[in-house]
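> pasting the sequence and the predicted model now:
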Amino acid sequence: MRVELIPLPAFEDNYIWMLAREGEALVVDPGDAAPVLAALDRRGLRLAGILVTHHHGDHVGGLDALRPRLQGPVCAPAGERIPGPTVPLREGDTAALLGLEFQVLDVPGHTAGHIAYYWPGNAAGDPLLFCGDTLFSAGCGRLFEGTAAQMHASLSKLAALPGRTRVCCAHEYTLSNLRFALAVEPGNADAAGHRERCERLRARGEPTLPSTIELERRINPFMRCAEPAVVGAARAHDVALAPDPAAADVLAVLREWKNRFR
Ligand code: ZN
Ligand code: FE
């Protein structure tokens with residue numbers, strides 16, 4: 001039986017991802033309980049588990065209110081303080097929910113203990129990645145607790161997943177990220193084409209997500225730190241960048257640039 005993937009909008013621009021199968025559901029990063037409870041009731045689903053990627057309030061704020069309805073574990077990063085009880089997970093661990101086995105990946109950078117959940121896919125559906133605030137479509141999370149080198153390693157790990165992997169990011173930042181991506185790479189036709197698609201989707205109030213790993217490899221400047229055009233743009237922005245820079249140093253420049261970009 002196929003899995004159904006449902007983005008539940010929360011707050012200003014968060015998505016709480018719900019995955020449903022045979023009357024059961026899991027949710028990822030429930031910052032708010034209300035949209036989750038409404039979706040469970042509307043669809044007549046049991047809450048079989050929760051996956052948490054990192055400790056920020058917009059990702060864990062709904063945990064306490066969901067516990068009375070929860071009939072399974074709260075899976076959470078071993079390296080972060082999450083309101084418990086939780087099943088602490090790190091890279092190499094797996095989480096079995098809805099009859100699916102999720103692989104845990106360490107993806108530090110946005111926070112020190114940030115993890116992602118990857119399901120390799122089968123006849124029930126294409127691979128899935130729940131990446132929290134590490135990878136956004138055409139962007140990446142801010143470096144609150146980690147270094148550019150850590151974020152570069154984390155994004156490289158995610159870029160190596162199968163191209164058809166559906167990328168479920170925790171925020172609807174795609175259009176503003178694409179504006180920055182096109183400032184970095186004005187000649188990137190994939191990014192320009194994707195911006196047109198996303199503008200149409202947002203005009204109808206629809207999510208631009210999930211993305212795919214294959215699309216991100218083509219449009220996401222933070223995944224393209226070795227591309228000559230990206231290196232050139234980074235050096236034009238920051239003349240202190242070495243002529244043949246390490247990819248992590250390019251990412252550091254891009255992240256600083258993006259932080260100030262309006
Ligand atoms: Zn966050
Ligand atoms: Fe967030």
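Sure, I can see it. Note that the coordinates shown come from a computational prediction; the quantities given were computed from them, not determined experimentally. Ligands and ions are numbered 1, 2, ... in the order given.
> shouldn't His152 be in contact with Ala248?
Yes. Using CB atoms under 8 Å, His152 is in contact with Ala248, at 4.1 Å. Any C-beta I mention is one placed from the backbone N, CA and C, and that applies to glycine too.
> for His110, grab phi and psi.
Dihedral pair for His110: phi -70, psi -50, per degrees, to the nearest 10.
> what about the closest residue to ligand 1 within the stretch 101-250 of the chain, distance to Cys140?
Of all residues in the stretch 101-250 of the chain, the one sitting closest to ligand 1 is Asp133 (3.7 Å; CB to the ion). Distance, Asp133 to Cys140, using CB to CB, to the nearest Å: 8 Å.
> list residues touching both of the two?
Shared contacts of Asp133 and Cys140 (CB atoms under 8 Å, 6 or more residues apart in numbering): His110.
> who has more neighbours out of those two?
Cys140 (30 against 25; other CB atoms under 10 Å).
> so what's the more buried one up against?
So Cys140 contacts 109-110, 134, 151, 155, 220, 222, 255 (CB under 8 Å, 6+ apart).
> and with 6 Å instead?
Phe222 (CB atoms under 6 Å, 6 or more residues apart in numbering).
> do the same with the one 3 residues further on
When contacts are counted by CB under 6 Å, 6+ apart, Leu143 touches 109, 255.
> grab the nearest non-local neighbour of Leu100.
In space, and not counting its chain neighbours, Leu100 is closest to Trp119: 5.4 Å by CB to CB, 6 or more residues apart in numbering.
> quickly list what the one you found is bridged to.
Beta bridges link Trp119 to Leu128, judged by DSSP bridges.
> so what's the residue count around it?
24.
> report the contact partners of it.
Applying CB under 6 Å, 6+ apart, the residues contacting Trp119 are 100, 102, 128.
> same thing but at 7 Å, please
Contacts for Trp119 (CB atoms under 7 Å, 6 or more residues apart in numbering) come out as 100, 102, 127-128.
> over to Arg218?
The contact partners of Arg218, by CB under 7 Å, 6+ apart, come to Asp190.
> same check on Thr147?
For Thr147, no contacting residues are found, by CB under 7 Å, 6+ apart.
> report pLDDT for it.
Looking at Thr147, its pLDDT is 98.
> who wins for neighbours among the contacts of Trp119?
Phe102 (26 neighbours).
> could you give the number of residues near Gly187?
8.
> can you check Leu175 too?
Neighbours of Leu175 (other CB under 10 Å): 16.
> just Gln103 next, same as before
Gln103: 17 neighbours (other CB under 10 Å).
> please apply the same query to the one 10 residues further on.
Applying other CB under 10 Å, we find 21 residues neighbouring Gly113.
> show the backbone phi and psi for the residue nearest to it when sequence neighbours are not counted.
Nearest residue to Gly113 in three dimensions, chain neighbours excluded: Gly79, at 2.8 Å (CB to CB, 6+ apart). Main-chain dihedrals, Gly79, degrees, to the nearest 10: phi -90, psi 10.
> re earlier: contacts only, for the residue of the stretch 101-250 of the chain closest to ligand 1.
54, 110, 141, 170-171.
> tabulate those (JSON lines), appending pLDDT, neighbour count and distance to Ala123.
Below are the contacts of Asp133 laid out as JSON lines (pLDDT from 0 to 100; neighbours: other CB atoms under 10 Å; distance: CB to CB, whole Å):
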{"residue": "His54", "pLDDT": "98", "neighbour count": "28", "distance to Ala123": "31"}
{"residue": "His110", "pLDDT": "98", "neighbour count": "26", "distance to Ala123": "33"}
{"residue": "Gly141", "pLDDT": "98", "neighbour count": "28", "distance to Ala123": "33"}
{"residue": "Ala170", "pLDDT": "98", "neighbour count": "30", "distance to Ala123": "28"}
{"residue": "His171", "pLDDT": "98", "neighbour count": "19", "distance to Ala123": "31"}
